[in-house]
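coordinates only, sequence not included:
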């Protein structure tokens with residue numbers, strides 16, 4: 001058997017196929033691109049899932065400048081597609097890497113954007129007969145190369161270069177963009193986010209939406225950005241994300257591909273596939289079951305170099321900070337508790353809706369809806385999302401999200417430690433927050449408490465034979481008792497029964513809690529109803545309770561709204 005290595009860190013397709021490497025043939029992605037005449041394909045996958053090497057492959061296949069490399073695709077799957085081979089090396093290609101964009105300031109971002117345009121212009125000038133160009137076209141290329149571009153010229157620069165290429169070669173151009181959202185993920189502030197989106201939006205629009213000299217565009221990233229932001233001028237792509245069946249097997253390794261790789265590399269030994277499956281399988285793209293390709297390659301390489309080394313965590317932290325540190329530090333109590341539950345019990349599933357288009361700056365704001373957090377984590381490769389088949393009245397589909405595999409579970413260790421610390425804080429501080437009547441802190445504490453229940457986030461009217469209202473009441477009373485309050489349920493007060501009651505104790509006042517729940521109304525509306533009931537039925541007016549603290553709670557799912565004497569407005 002020929003001694004081959006593993007292509008860890010190889011992002012050049014020519015080097016991959018020309019070197020002595022074990023690799024998985026993913027060339028049928030080319031078929032999708034061949035069929036996308038006049039379209040823009042947006043492929044979003046977690047980092048390290050083969051996006052960059054795939055763009056290099058597309059460049060090698062379609063780019064006119066590689067027409068003399070006749071053996072690059074010899075023996076690969078795409079050779080069997082006759083109609084695809086007609087497109088081989090038939091188009092001029094502009095390839096750009098947006099991970100090079102620097103978002104530290106508007107000036108640095110503009111300069112780095114001009115740098116990408118300059119590099120594209122230099123590549124064109126190397127492969128074209130400059131003497132055959134019209135003087136105006138040559139000036140455009142020279143301005144792009146020298147970065148002598150005003151705002152309007154920068155916006156139209158790529159489209160202008162496509163027109164020049166079509167005139168020179170007689171074929172419309174293809175545009176390949178890698179990591180288009182990398183700069184957005186690393187934005188340091190909302191102000192810079194707004195400046196950057198404002199700067200990038202018209203360039204994307206003129207490059208991909210109104211560019212009549214474009215044959216096909218292929219863009220990769222981690223997730224589709226909100227159409228109200230960066231994509232508002234780039235709203236025509238065919239989105240092939242992890243929830244879509246478009247291109248579902250084009251990135252990552254399928255089970256059969258892993259089995260074939262193990263056989264070809266001599267690693268089809270007892271227990272090896274099972275170990276790989278336990279550690280690196282578990283992703284779902286569309287309807288396809290997928291392994292993490294980076295970790296599989298690293299694992300096999302490690303076995304070769306370290307005498308059959310066991311599996312370990314490779315992916316987390318392999319490129320930069322991994323899971324967004326800012327997002328994780330700003331998780332609200334619901335998401336923190338639920339993610340902690342998934343870690344402690346890998347079989348735990350949370351039912352939720354997912355947002356296909358996201359805004360990073362909103363996610364990092366500290367009060368993002370857990371559904372948005374789960375959307376980010378699923379798109380980024382930290383959670384698995386399985387469709388339930390249920391469609392809500394709003395038309396949105398629900399998913400069950402859960403832990404992916406053993407490798408990813410290890411990445412959540414820090415969250416579990418944070419959750420344990422937060423639980424200790426709630427036990428210690430909830431009583432003080434209740435007695436002070438601080439609505440914001442009570443809300444945060446109770447949302448954390450409710451987030452700890454491994455249930456559908458939009459609790460149904462009945463769960464395990466008990467009404468949702470009873471679940472909330474029991475959970476909140478239990479949290480009160482854990483914080484040192486002698487909480488009781490369904491205690492007669494005034495002209496009715498309050499849901500939770502804590503009797504006065506020495507200098508501490510009595511506490512009266514009324515809960516209203518709804519799976520349809522927003523929590524604020526339910527809190528208003530709870531407040532009205534407290535007032536109308538005189539729950540807080542009994543003389544023996546003294547100056548009682550009353551709390552009106554409105555709950556929908558695990559979202560809580562709080563009204564107290566300290567603040568009568570909904571929170």
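Yep, that arrived. All figures in this text were calculated on a predicted structure; none of them were measured in a lab. Numbering: from 1, shown residues only.

the strand or helix carrying residue 96 pairs with which strands?
Taking DSSP states H and E as the criterion, residue 96 maps to strand 93-97. Strand 93-97 has the following sheet partners, assigned by DSSP bridges: strand 173-178 (parallel).

doesn't residue 153 make contact with residue 143?
Yes: taking Cβ atoms under 8 Å as the contact criterion, residue 143 and residue 153 are neighbours in contact, 6.5 Å apart. Backbone N, C-alpha and C define where each C-beta goes, glycine included.

low-confidence ranges in the stretch 401-550 of the chain?
Of all residues in the stretch 401-550 of the chain, those with pLDDT under 70 make up the ranges 453-466, 545.

ranges for the strands of the stretch 1-150 of the chain?
For the stretch 1-150 of the chain, the strands defined by DSSP state E, counting those that start in this stretch cover 40-44, 93-97.

neighbouring contacts of the last one?
Yep, that's strand 93-97 we're talking about. Counting by Cβ atoms under 8 Å, 6 or more residues apart in numbering, the neighbours of strand 93-97 from elsewhere in the structure are 52, 55, 58-59, 62-65, 116, 119-120, 123-124, 158, 161-162, 165, 173-179.

end to end, how far does stretch 432-442 reach?
The first and final residues of stretch 432-442 sit 9 Å from each other (Cα to Cα, to the nearest Å).

buried stuff in that stretch?
Buried positions in stretch 432-442, judged by neighbour count with 16 or more other Cβ atoms under 10 Å: 433-434, 437-439, 441-442.

and what of stretch 517-529?
Along stretch 517-529, these residues count as buried under the neighbour rule (16+ other Cβ under 10 Å): 517-518, 523-524, 526-528.

tell me how many other residues crowd residue 82.
Neighbouring residues of residue 82 were enumerated by other Cβ atoms under 10 Å; the total is 7.

which residues does it contact?
Counted by Cβ under 8 Å, 6+ apart, residue 82 has zero contacts.

so which bits of the longest helix along the chain are buried?
Across the chain, the longest stretch assigned as helix under DSSP state H is helix 413-436. In terms of neighbour count (16+ other Cβ under 10 Å), helix 413-436 has its buried residues at 415-416, 418-419, 422-423, 426, 430-431, 433-434.

could you name the helices and strands sitting against that helix?
Packed against helix 413-436 by the contact rule (3 or more Cβ pairs under 8 Å, 6 or more residues apart in numbering; DSSP states H and E) you find helix 333-344, helix 439-451, helix 468-482, strand 549-556.

in JSON lines, list these along with distance to residue 399.
Compiled in JSON lines, the helices and strands packed on helix 413-436 are given as follows (distance: least, Cβ to Cβ, whole Å):
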{"stretch": "helix 333-344", "distance to residue 399": "14"}
{"stretch": "helix 439-451", "distance to residue 399": "18"}
{"stretch": "helix 468-482", "distance to residue 399": "21"}
{"stretch": "strand 549-556", "distance to residue 399": "19"}
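
please identify the most buried of the ones you listed.
Highest mean neighbour count among the helices and strands packed on helix 413-436 (mean count of other Cβ atoms under 10 Å): strand 549-556, with a mean of 26.

got the angle for that strand vs helix 413-436?
Interaxial angle of strand 549-556 relative to helix 413-436 (axes from the mean of the first three to the mean of the last three Cα atoms, to 10 degrees): 140 degrees.

strand 549-556 vs helix 468-482, what angle?
Orientation check (the same axes, to 10 degrees): strand 549-556 against helix 468-482 gives 140 degrees.

distance from the chain centre to stretch 264-284, please.
In this view, stretch 264-284 has its centroid 26 Å away from the chain centroid, taken as Cα atoms, centre = their mean, to the nearest Å.

show me the contact partners of that stretch.
1, 4, 22, 46, 242, 252, 255, 258-259, 261-262, 289-292, 295-296, 299-300, 303, 310-312, 381, 384-386, 403-408.

go again with 7 Å.
Where contact means Cβ atoms under 7 Å, 6 or more residues apart in numbering, the residues beyond stretch 264-284 that reach it are 1, 22, 252, 258-259, 262, 289-292, 295-296, 299-300, 303, 311, 381, 384-386, 404-407.
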